[in-house]
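>>> This is a predicted model, with the sequence first.
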Amino acid sequence: MDDLICVGAIMGAFGVHGEVRLKSFTADPEAIGSYAPLLTQDGRAFKVQLTRAVANGFAARLSEVRTRDDAEALKGTSLFVPRARLPSLPDDEFYHADLIGLEVRDTGGVLLGRVKSVQNHGAGDILEVQAVGKAGTILLPFTLAVVPTVDLTAGRIVVDPPEGLLD
C-alpha cells in the first residue's frame, strides 16, 4: 500500500441497479474515472464509469458490481491508484499521503508533533497534528502563512501558528 494514493471512496449504493455513490478526492473530481482501474485495500480492482453528478460526488458503475446489495456492501471502501499513474505535482503542491507522518516543528525548531491526517471540510486543507506529550491533536490551517515550509526530503514541516493557537 506504500505506493498507492487514495483517490476516492464509495459512500454507498445509488439506485437499485448496482450503481454506487462515489466521492472523489482528486483535484479535478471527474478525473477519478481516468485513473481506473481503482484498487481496494483487499486487492480488488474496479473499472469505473461515472454516470452522473450527485450531491457530494458521482453516481458510478463499477465492474463486477451488479446489484444494490453488491453496491451497499462496498460502502466505506477507499479506492486507490498507484502513484505512478498520477500526475507529478508542482513544487508547492503535495499529495495528502506525502504529508502524513511528517514531523512538525515551529519556526524556532521545537518539535510539536507529527501529521496524523489531512482534513478538508470545504474551506481548505487542515493538518491534524498529533502533539508531543499531549493526548489531543492540534489543527493547523494548511496555508502558506501558517505552513511556510514543507520539506519532504527531510521529512518535516515548519509551521508558524497564529498567536494563541497552541495555548
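Received, thanks. For clarity, every value in this text was computed on a predicted model and none was experimentally measured.
>>> Need the per-residue pLDDT for the nearest residue to A145 once chain neighbours are set aside.
Of all residues not flanking A145 in the chain, D160 sits nearest, at 7.2 Å (C-beta to C-beta, 6 or more residues apart in numbering). Using the backbone N, CA and C atoms, a C-beta is placed for each residue, glycine as well. For D160, the pLDDT comes out at 94.
>>> As PDB, could you dump the C-alpha coordinates of the host helix or strand of C6?
Here C6, judged by DSSP states H and E, is contained in strand 4-14. Written as PDB, here are the backbone C-alpha positions of strand 4-14 (Å, rounded to 0.1, in the frame of the first residue of the first chain):
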ATOM      1  CA  LEU A   4      -0.800   3.700  -3.500                       C
ATOM      2  CA  ILE A   5      -2.700   7.000  -3.200                       C
ATOM      3  CA  CYS A   6      -6.300   7.200  -2.000                       C
ATOM      4  CA  VAL A   7      -8.300   9.000  -4.800                       C
ATOM      5  CA  GLY A   8     -11.800   8.300  -3.600                       C
ATOM      6  CA  ALA A   9     -14.300   6.400  -1.500                       C
ATOM      7  CA  ILE A  10     -17.600   4.600  -2.000                       C
ATOM      8  CA  MET A  11     -20.200   6.300   0.000                       C
ATOM      9  CA  GLY A  12     -23.000   3.700  -0.600                       C
ATOM     10  CA  ALA A  13     -25.400   2.400  -3.200                       C
ATOM     11  CA  PHE A  14     -27.200   4.700  -5.600                       C
END
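>>> what about it, average pLDDT?
Mean predicted lDDT for strand 4-14 stands at 93.
>>> And for stretch 41-59?
93.
>>> which helix in this protein runs the most residues?
helix 68-73 (DSSP state H).
>>> How far off centre is the helix or strand just after that helix?
Proceeding N to C from helix 68-73, the next assigned helix or strand is strand 78-82, under DSSP H and E. Relative to the centre of its chain, strand 78-82 is centred 10 Å away, using C-alpha atoms, centre = their mean, to the nearest Å.
>>> who does the helix or strand of the chain with the lowest mean pLDDT touch, helix- and strand-wise?
In the chain, no helix or strand scores lower on mean pLDDT, DSSP states H and E than helix 96-99, which sits at a mean of 89. Other elements packing on helix 96-99 under the criterion 3 or more C-beta pairs under 8 Å, 6 or more residues apart in numbering; DSSP states H and E are strand 4-14, strand 111-120.
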